[in-house]
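S.K.: With the sequence up front, the predicted model follows.
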Number of protein chains: 2
Amino acid sequence: MNDRLGDDPELDEEARAPGARTIRDVARLAGVSIGTASKALNANGRLSAKTRAKVLKVAEELDYRPNNLAQSLHRARSMTVGILSNDNYGRFTFPIVAALERRLFDSGIAVFMCNATDDPARERRHIDQLLRKRVDGLIVTARRADRREPIEPAARGLPVVYVFARVDNPDALCLLPDDEGGARLAVEHLARLGRKRIAHITGPEHFEAVRLREKGFRAALASAGLAAPPGACRSGRWSEEWGREAVRDLFARPAAAPDALFCGNDQIARGALDALNEIGLSVPGDVAVVGFDNWEVMTSGARPPLTSVDMNLDALGTAAGDALLQMMAGSKLCGVSRLPCSLVVRASCGAIL
Amino acid sequence: MNDRLGDDPELDEEARAPGARTIRDVARLAGVSIGTASKALNANGRLSAKTRAKVLKVAEELDYRPNNLAQSLHRARSMTVGILSNDNYGRFTFPIVAALERRLFDSGIAVFMCNATDDPARERRHIDQLLRKRVDGLIVTARRADRREPIEPAARGLPVVYVFARVDNPDALCLLPDDEGGARLAVEHLARLGRKRIAHITGPEHFEAVRLREKGFRAALASAGLAAPPGACRSGRWSEEWGREAVRDLFARPAAAPDALFCGNDQIARGALDALNEIGLSVPGDVAVVGFDNWEVMTSGARPPLTSVDMNLDALGTAAGDALLQMMAGSKLCGVSRLPCSLVVRASCGAIL
DNA sequence: CTGAAAGCGCTAACAA
DNA sequence: TTGTTAGCGCTTTCAG
C-alpha cells in the first residue's frame, strides 16, 4: 500500500489517494466549501443549480462515496442490524435470513451475520461486538423454533425481533410459523379427498412444533367428523428411519391400517413412502402421504413427489424485517405472532394435479 | 424515546442517557480527563495503577462500550468485511460462511452478509453499500463453483477472496475444493476394494466440477490399471431421478453391468441406490456406490448409508478467512488454490466398518 | 503521570 | 446562495 502522499496539491488526481475520496476532495476540486458540497450531495439546503451540478459532476468523476462511519457518528444511527443465529446447519435459518437481508437492504440497512452455535459465551461476545458497532436493531433466530433465553438486558432499549425462535418474556416480539394451522391445512386436505383413517407420524415431543402440529391434526380430524384412534399419532425422531419404522408398525395389522399419513417433516414422510412401497402398498392409491417443511430436495426426490406444508420462511423473514424497521422507527411491538403456512400439493396425496 | 436530557450533571446516573455511554461519561465520573480515560481503557501510555483502576471500575459500572464507529473513523479500519453470496439456497454457502464468520470473529472483525441473488444490479448496489461502510475486505461466494465475473474495479485496492467461486482474472485469489482429487479418492477406494467395472454418473457437463471429477475418475481408473469402457461416464442432471434413469440404462445388459458406481453428487447416488434396489441388485454386495458432497440428509437417509466425498466446506471457509486476514495485513495473494476433499466411508461401498 | 487539543469525515446551524 | 464552524466519540501527539 502507498504511503500517504502528503498534501501536495499538484499531484495527479488519479494517482493520489489510494483510499477513498473525502468530501474535502470533492469540495476542493469543485471550488466550493465543504458545507456547500455537503448540501449538494444531500440535496439539502437551497443551492444554485449550477453549483450543485458542478459538485455532483466532480463527485461522480472522483467516484466519491460518503463514509457511512462518519455519517453514522453524526446521526447516531448506524444503519446496520445484527442477526444472531444458532442454527448451525442453516436449513431453516438461511431462507429467513436471505429474505430479511433483502428487505432490510431495500431500506438501506446492512446486516451483520453472527453464528453463535449454541455457545452462550460466544453469543455474549457477539452481542457485545454488535453493541460496540452501534447496531440499530437485533434479530435473533434459533433452529427448529425451540424456546430460548431472551437476549441479555444489556440490549435494553434496542429493538429486538425473535424469528423462528421463542422466548417467554411477554415484552418480546416473536415471529413463528403457524404450526397448528399448517397441520390443519394438511389434514383437512386429506379429509376432503375422502381419507378416513388418517395417522400422524412426527418428531420428538419436546419440540413445541410437534405438540402444535399434533393439536392441529386432532382439531382437523374432529372438525371433519373423523376419529383419532389410539396409536394414530406416533412421535419419534426427525429421520427417514423413524418414518420407515413407524410405517412398519402402523401397518402391521392390515385391518386397522391407515389410508393416509400426515408426517411431521419431509424426512419422516420420505421414509414412510419407502416403507409403504416395500410393504407393497401404493401411494396415493392405498395410502395418501403429506409431509411438512416442503424441503425441495425431499419433496422432489420422493416417489411420487411429496405433498407438503410450506412454512413460508421467506415471508417470515420479510415480516421480521418489517417489524424491526417499525420498531426502529419507534413502535413498540410485542407478543407472539404466527404466520400462516401453505399446502403445496403434489402427487403423493392423490389430488388431481 | 426520551428527549435528550440536556447537560444537567445532577441527574441520577442510571436514569439519564438511554443510549450508550461515552468516554466523556467515564472520564467525568472517574474525575480524570478524556485523554487519561482513553489511555486507561486502551492500556496505552504510562499511567498510575490507581487511576487506571478507577477508570476501569467506572467503565465497568457504566457498562461502557467504546463506539466502534468513532474508533474506525480515526483508525481508518472498520474491522468489518462483506460477504457477497449468490447461492440463494445456501446449501454450500452456509457452511462456508459459518466457518468464515467464526474465523473472522475470532480476529475481532464482523461480517456483513449480502445476498445478491444473481442480479448484477443488486450486486453492484451491495458493493456500493459495503464500500460506503468502508469494509476492510470482501469475500465473494457463488453456488456450485461456476465461473463468474470479477468484482467491479471500484473495489480496486480492497482485498477480495473468491471462495467456492471462480474468476478468470489471474490477480484474483480463488479458493475451491479439489474436485479432481476428491473423485480420485473415491475411485481409488473402490478399486482398492476390488471393484473392476466402475461407472460414473454425474451432473451437467457445463459445470467445471463435473469435468474435473470425471478427470479424477479416469485418472484413478488408469492408475489402478482399470479400463473405462465407452459409456462408463454418464452426465445428466443433479437429481435423484437422473440417478435412477442412468442406473436403469447402465444395467440394461447384465453382462456388461458395472460392479461399482461413483456418483457426481449424493442425490444422484441416492437415486441410483433406489434403482439398484428395484432391479434386485444388492448394495454393496453386487454394486458398491459412492456419492459426492457428503450431505448428511442424503447419506444417512440412504439404505445402506452412503459413502461420500466431503468437500470440507468449513475448512474452505476458514482458509478464506485466513487468506483475507493476510491480505488485510498487506500480503498480495492470488491464483487458484484447491483444498483437499476427504472420503467419508459408510456401508454403501462395502468397506469393513 | 496527566491534561489539553487537533483531527478522523461528515452534517447542520448559523453567519455572511 | 454560499462559507464558517461546532460538534458526533474517540485516539494521539504534545505540553504541563
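M.R.: Alright, I've got the coordinates. Residues are numbered from 1 along each chain as shown, chains lettered A, B, ... in the order given.
S.K.: Are we agreed that A:V81 is in a strand?
M.R.: Yes - secondary structure assignment places A:V81 in a strand (DSSP: H, G, I helix; E, B strand; the rest coil).
S.K.: which residues in the stretch 251-353 of chain A form strands?
M.R.: Per DSSP state E, counting those that start in this stretch, the stretch 251-353 of chain A carries strands over the ranges A:260-263, A:288-292, A:307-310, A:335-339, A:342-344.
S.K.: Give me the mean pLDDT for the helix or strand hosting A:A53.
M.R.: Using DSSP states H and E, A:A53 sits in helix A:49-62. Looking at helix A:49-62 alone, the average pLDDT works out to 92.
S.K.: didn't A:G301 look like it was pressed against B:W238?
M.R.: No - applying CB atoms under 8 Å, one finds A:G301 not in contact with B:W238, separated by 11.1 Å. (C-beta placed from N, C-alpha, C; glycine too.)
S.K.: quick revisit: just so I know, which of the strands of the stretch 251-353 of chain A lies nearest B:E61?
M.R.: Closest to B:E61 of those is strand A:335-339 (CB to CB; 34.0 Å).
S.K.: Show which residues not belonging to the helix holding A:A53 make contact with it.
M.R.: Contacts with helix A:49-62, where a contact means CB atoms under 8 Å, 6 or more residues apart in numbering or on different chains, come from A:13, A:21, A:25-27, A:29-32, A:36-37, A:39-41, A:43, A:64.
S.K.: is DNA strand C contacted by that helix?
M.R.: No - residues of helix A:49-62 contacting DNA strand C under CB under 7 Å from any atom of the strand: none, with a closest distance of 9.8 Å.
S.K.: Centre-most residue in chain A?
M.R.: By CA atoms, centre = their mean, the mean C-alpha position of chain A lies nearest to A:I96, the distance being 1.5 Å.
S.K.: Just give me how far the host helix or strand of that residue sits from the chain centre.
M.R.: Here A:I96 is covered by helix A:93-106, with elements defined by DSSP H and E. Averaged C-alpha coordinates place helix A:93-106 at 7 Å from its chain's average position (CA atoms, centre = their mean, to the nearest Å).
S.K.: Quick check: buried residues in that helix?
M.R.: For helix A:93-106, burial by neighbour count (16 or more other CB atoms under 10 Å in any protein chain shown) applies to A:93-105.
S.K.: One more: stretch A:279-298?
M.R.: By neighbour count on 16+ other CB under 10 Å, the buried set for stretch A:279-298 is A:281, A:283-284, A:286-295, A:297-298.
S.K.: Tell me the residues of the stretch 1-150 of chain A that contact DNA strand C?
M.R.: Proximity of the stretch 1-150 of chain A to DNA strand C is assessed by CB under 7 Å from any atom of the strand, with A:19, A:22-24, A:34-35, A:38-39, A:41-42, A:44-45, A:66-67, A:70-71, A:73-75 identified as the residues in range.
S.K.: so which of those are also by DNA strand D?
M.R.: Restricting those to those adjacent to DNA strand D (criterion: CB under 7 Å from any atom of the strand) gives A:I34, A:G35, A:K39, A:G45, A:A70, A:L73, A:H74.
S.K.: how close does the fifth one get to chain B?
M.R.: Spelled out, that is A:A70. Computed as CB to the nearest CB, to the nearest Å, the A:A70 to chain B distance reads 6 Å.
S.K.: What ranges does the stretch 101-250 of chain A have for its helices?
M.R.: Ranges of helices in the stretch 101-250 of chain A, per DSSP state H, counting those that start in this stretch, are A:120-132, A:179-192, A:208-223, A:240-250.
S.K.: quick one: contacts for A:V26?
M.R.: A:V26 makes contacts with A:A37, A:L41, A:V55, A:V58, A:A59, A:L62, A:Y64, as judged by CB under 8 Å, 6+ apart.
S.K.: Looking at the strands of the stretch 251-353 of chain A, which one is packed in the most?
M.R.: For these, the stretch with the most neighbours on average is strand A:260-263, a mean of 31; neighbours defined as mean count of other CB atoms under 10 Å in any protein chain shown.
S.K.: For that one, output the C-alpha coordinates as PDB.
M.R.: This file holds the C-alpha atoms of strand A:260-263, laid out as PDB (Å, rounded to 0.1, in the frame of the first residue of the first chain):
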ATOM      1  CA  ALA A 260     -53.500 -41.600   4.900                       C
ATOM      2  CA  LEU A 261     -50.400 -40.300   6.700                       C
ATOM      3  CA  PHE A 262     -49.600 -36.800   7.800                       C
ATOM      4  CA  CYS A 263     -45.900 -36.700   8.700                       C
END
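S.K.: Listing partners with orientation, what would you give for that strand?
M.R.: With DSSP bridges as the criterion, the sheet partners recorded for strand A:260-263 are strand A:198-202 (parallel), strand A:288-292 (parallel).
S.K.: and for the last one, what are the contacting residues?
M.R.: By CB under 8 Å, 6+ apart, the surrounding residues in contact with strand A:288-292 are A:182-183, A:186-187, A:189-190, A:193, A:195, A:213, A:259-266, A:268-270, A:272-273, A:276, A:283, A:298-299, A:306-309, A:343, A:348-350.
S.K.: So among those residues, which ones count as buried?
M.R.: For the contacts of strand A:288-292, a burial check counting by 16+ other CB under 10 Å picks out A:182-183, A:186-187, A:189-190, A:195, A:213, A:259-266, A:268-270, A:272-273, A:276, A:283, A:298-299, A:306-309, A:343, A:348-350.
S.K.: quick one: the residue in the stretch 251-353 of chain A that DNA strand C sits nearest to and chain B, what's the gap?
M.R.: Of all residues in the stretch 251-353 of chain A, the one sitting closest to DNA strand C is A:A329 (16.7 Å; CB to the nearest atom of the strand). Distance, A:A329 to chain B, by CB to the nearest CB: 11 Å.
S.K.: Domain map for chain A?
M.R.: Listed by automatic domain parsing, the domain ranges of chain A are A:9-74, A:78-353.
S.K.: related to what we said a few turns ago, got the buried residues of helix A:93-106 as CSV, with distance to B:E245 and pLDDT columns?
M.R.: Listed next are the buried residues of helix A:93-106 as CSV, based on distance: CB to CB, whole Å; pLDDT from 0 to 100:
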residue, distance to B:E245, pLDDT
A:T93, 34, 91
A:F94, 30, 91
A:P95, 30, 93
A:I96, 35, 94
A:V97, 35, 94
A:A98, 32, 94
A:A99, 35, 95
A:L100, 39, 96
A:E101, 38, 96
A:R102, 36, 96
A:R103, 40, 97
A:L104, 43, 98
A:F105, 41, 97
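S.K.: Looking at those, which is nearest chain B?
M.R.: Here the nearest of the buried residues of helix A:93-106 to chain B, counting by CB to the nearest CB, is A:F94; it sits at 3.5 Å.
S.K.: Next, the contact list for the residue lying closest to that closest one once chain neighbours are set aside, please.
M.R.: Leaving aside its sequence neighbours, A:F94 sits nearest to B:G90 (CB to CB, 6 or more residues apart in numbering or on different chains; 3.5 Å). B:G90 makes contact with A:G90, A:F94, A:P95, A:A98, according to CB under 8 Å, 6+ apart.
S.K.: count of neighbours near the residue lying closest to the third one once chain neighbours are set aside?
M.R.: What it means is A:P95. Leaving out its chain neighbours, the residue that sits closest to A:P95 by CB to CB, 6+ apart is A:L313, at 4.0 Å. One way to gauge burial is a neighbour count; for A:L313, by other CB atoms under 10 Å in any protein chain shown, it gives 23.
S.K.: Retrieve the pLDDT associated with A:L313.
M.R.: pLDDT, the model's per-residue confidence, is 97 for A:L313.
S.K.: Hmm, it is touching A:R91, no?
M.R.: No - contact between A:L313 and A:R91 fails when scored by CB under 8 Å: they sit 9.6 Å apart.
S.K.: Tell me where the model's unsure across chain A.
M.R.: Applying pLDDT under 70 to the predicted model, the residue ranges of chain A that meet it are A:1-19, A:144-146, A:152-155, A:352-353.
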